[in-house]
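Student: Coordinates for the following, if possible.
(one chain, ligands or ions: 1)
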Amino acid sequence: MFYNEEFETLPREALKALQLKRLQQVLQRVYHTVGHYKKALDAAQIKPGAITSLADLPKLPFTTRQDLQENYPFGLFAVPMSSIVRLHASSGTSGRSTVFGYTKRDVETWSELMARCLVAAGLTKNDIIHNAFGYGLFTSGLGLHFGAEKIGASVIPMSGGNSKRQIMILQDFGPTAICCTPSYALHLAEQGKALGLDMKTLKLRVGIFGAEPWSVSIRDEIETIYGITALDMFGLSEVMGPGIAMECQEGRGGMHIFEDHFLVETINPQTGEPLPEGEEGELVFTTLTKEAFPLIRYRSGDITRLITTPCRCGRSHIKMERVMKRSDDMLIIRGINIFPAQVEAILADIEGLEPNYQLIADKISALDSLELRVEVSEKIFSESGSVKELQNIEKRIFKDMKDYLGITPRVKLVEPNTLKRSNGMMTKVIDNRRRA
Ligand code: DLL
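Tutor: Residues are numbered from 1 along each chain as shown. Okay, here's the model as predicted:
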């Protein structure tokens, strides 16, 4: 089943021709409307008109997260604010968060791509979709919501949290599909079990999961507990949000990337050199149709492989394997992305702390948990180190982490020079979670 059969099955020659035409258009547009791209292309001595084939793509400079942050909040927008109808943002303090803008047409495109994902999962207007992806500034909840409405399904805008209420709605409303992070699906199943509910007795038949790495064995576990088909969906907010790639039911083991809207490459994360299709590397995306916030050769940080063998489902679009690794130090905690640099910025604003800290990620039953250990200055510790004062600092760190990053870590202050170093270097992130 297709949502847009013509484009989803476009023969590859025609698809490549469409990609080139759209690439040339977007390059002209960004060169003339976004200062950053004019500067970057001029510095690389490339005029937009010099791109005459897709093979020329590696001549274009990359766009990085740093470029996004340097242009915070709206510097990379290619249209005036009067044409923007929606703003989303990643977590982070001012200048360390990234902001994503959408025109009316962008929202329309995004909804169509999400609709394609839902149809690929076998959903129709007769389905009731329990959407437990987070609504709000994050792209996941609303992104999926618009796609669900587009196919005419009945969508329950649950958002995350309130597990008992989620279980109640799952029982009472009888949704046929559930969408959330895979770890939240396992957490809900644990809650259900505690309440004496066998998840297999629910009406659910399909689950669409994503926003964090999950292995085939976790998929098997979810399928067994719920008695559903569990499918993988990939996306990133910079490029659009959820709905960039979707696993189809027929050819499981890879997600189709909607290539009529995104051009994808894999590169060696160390050297930036393009890799032959099929080799493991970092995914780089160019948006072909986005109006408000086009991105040229954006380095996603996600490491995986592209699959070029034709799929049984009939979609002509290339597939990507599961994403299990990153090229950078980004952590995903309960679907929220955080970078150590963001934590550093929060700590730097609080007096009496040393810049030495450690983030320790663990799983407590199905859910991610995070501990933040921070060294306190000698002065605070020895001179005025009353327990109360230390507790106040802990509370302030907790609150800032919650307010700016949406994360609620256990915060522990420790004495100077007590955090583990290896070869004199702090290990800033210790990830004890099992993804297998
Ligand atoms: O996570 C968008 C999304 C929402 C995708 C719901 C799928 C479902 P961000 O918050 O910007 O956007 O996080 C993007 O999450 O670069 C990957 O590292 C990771 N990620 C997203 N989907 C998957 C997946 C949304 N299916 C970052 N498997 C990406 C593994 C994923 N990692």
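
Student: ok, Val107 touching Phe146?
Tutor: Yes. The criterion here is C-beta atoms under 8 Å, and Val107 meets it with Phe146 at 6.7 Å. From N, CA and C alone the C-beta is placed, and that goes for glycine too.

Student: Pick out whichever of those two has more residues nearby.
Tutor: Legend: neighbour count by other C-beta atoms under 10 Å for Val107 and Phe146, higher for Phe146 (20 against 16).

Student: Secondary structure element for the more buried one, which one?
Tutor: Phe146 is part of helix 140-150, with elements assigned from DSSP states H and E.

Student: Based on its surroundings, how many neighbours for Ser382?
Tutor: Ser382, neighbours per other C-beta under 10 Å, totals 11.

Student: And the pLDDT at it?
Tutor: On the pLDDT scale, Ser382 is placed at 76.

Student: got a pLDDT number for the nearest residue to Leu170 once chain neighbours are set aside?
Tutor: Nearest non-adjacent residue to Leu170, counting by C-beta to C-beta, 6 or more residues apart in numbering: Leu202, 5.4 Å away. pLDDT, the model's per-residue confidence, is 98 for Leu202.

Student: Asn417 now?
Tutor: We have a pLDDT of 88 for Asn417.

Student: residues contacting it?
Tutor: Glu375 (C-beta atoms under 8 Å, 6 or more residues apart in numbering).

Student: On the three-state scheme, it is what?
Tutor: At Asn417 the chain is in coil, as set by DSSP: H, G, I helix; E, B strand; the rest coil.

Student: Would you mind listing where the stretch 151-300 of the chain has pLDDT under the threshold?
Tutor: Across the stretch 151-300 of the chain, nothing is flagged by pLDDT under 70.

Student: need the strands for it, in chain order.
Tutor: Using DSSP state E, counting those that start in this stretch, the strands assigned to the stretch 151-300 of the chain run over residues 154-156, 177-180, 206-210, 229-236, 241-247, 255-257, 262-267, 281-287, 298-304.

Student: Return the residues of the stretch 251-400 of the chain in contact with the ligand.
Tutor: Ser300, Asp302, Val323, Ile332, Asn337 (C-beta under 6 Å from any ligand atom).

Student: Let me see the contact set for the fourth one.
Tutor: Shown in contact with Ile332 (C-beta under 8 Å, 6+ apart): Ala211, Glu212, Pro213, Ile338, Asp368.

Student: Now the element after the host helix or strand of it, going C-ward?
Tutor: Remark: Ile332 resides in strand 331-333, with elements defined by DSSP H and E. For strand 331-333, the following helix or strand on the C-terminal side (DSSP H and E) is strand 336-338.

Student: If you average the pLDDT over that next one, what comes out?
Tutor: 94.

Student: and if you look at stretch 41-59?
Tutor: When pLDDT is averaged along stretch 41-59, the result is 97.

Student: quick one: it to chain centroid distance?
Tutor: Distance of stretch 41-59 from the chain centroid (C-alpha atoms, centre = their mean, to the nearest Å) equals 28 Å.

Student: contacting residues around it?
Tutor: By C-beta under 8 Å, 6+ apart, the surrounding residues in contact with stretch 41-59 are 16, 19-20, 23-24, 27-28, 30-31, 60-61, 263, 265, 274, 286, 297.

Student: mind running it again at 7 Å?
Tutor: Residues from elsewhere that reach stretch 41-59, judged by C-beta atoms under 7 Å, 6 or more residues apart in numbering: Lys16, Gln19, Leu20, Leu23, Gln24, Leu27, Gln28, Tyr31, Leu60, Pro61, Glu265, Pro274.

Student: so what's the residue in the stretch 201-350 of the chain that the ligand sits nearest to up against?
Tutor: Closest contact between the stretch 201-350 of the chain and the ligand, by C-beta to the nearest ligand atom, is at Gly210 (2.9 Å). Gly210 sits next to Asp232, Met233, Phe234, Gly235, Pro242 when contact means C-beta under 7 Å, 6+ apart.

Student: buried set for the strand or helix carrying Gln69?
Tutor: Gln69 belongs to helix 65-70 when assigned by DSSP H and E. For helix 65-70, the neighbour count (16 or more other C-beta atoms under 10 Å) marks Arg65, Asp67, Leu68, Gln69 as buried.

Student: What's the first helix or strand after it?
Tutor: Following helix 65-70 in sequence order, the next helix or strand is strand 84-89 (DSSP H and E).

Student: does Gly134 count as helix, strand or coil?
Tutor: Per three-state DSSP, the secondary structure class of Gly134 is coil.

Student: how far away is it from the ligand?
Tutor: 9 Å (C-beta to the nearest ligand atom, to the nearest Å).

Student: what's the closest non-adjacent residue to that residue?
Tutor: Closest to Gly134 by C-beta to C-beta, 6+ apart is Gly160, at 4.7 Å.

Student: tell me the contacts of Val79?
Tutor: For Val79, the contacting residues are Thr103, Glu291, Ala292, by C-beta under 7 Å, 6+ apart.

Student: show me the contacts for the first one.
Tutor: This points to Thr103. Val79, Ser83, Ile84, Val85, Glu291, Ala292.

Student: Buried among these? Need that as a selection in ChimeraX.
Tutor: In ChimeraX syntax, the buried subset of the contacts of Thr103 is picked out as below (16+ other C-beta under 10 Å):
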select :79,83,84,291,292
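
Student: so can I have a markdown table of the contacts of Thr103 showing distance to Gly92?
Tutor: Formatted as a markdown table, the contacts of Thr103 follow (distance: C-beta to C-beta, whole Å):
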| residue | distance to Gly92 |
| --- | --- |
| Val79 | 24 |
| Ser83 | 25 |
| Ile84 | 20 |
| Val85 | 23 |
| Glu291 | 25 |
| Ala292 | 20 |
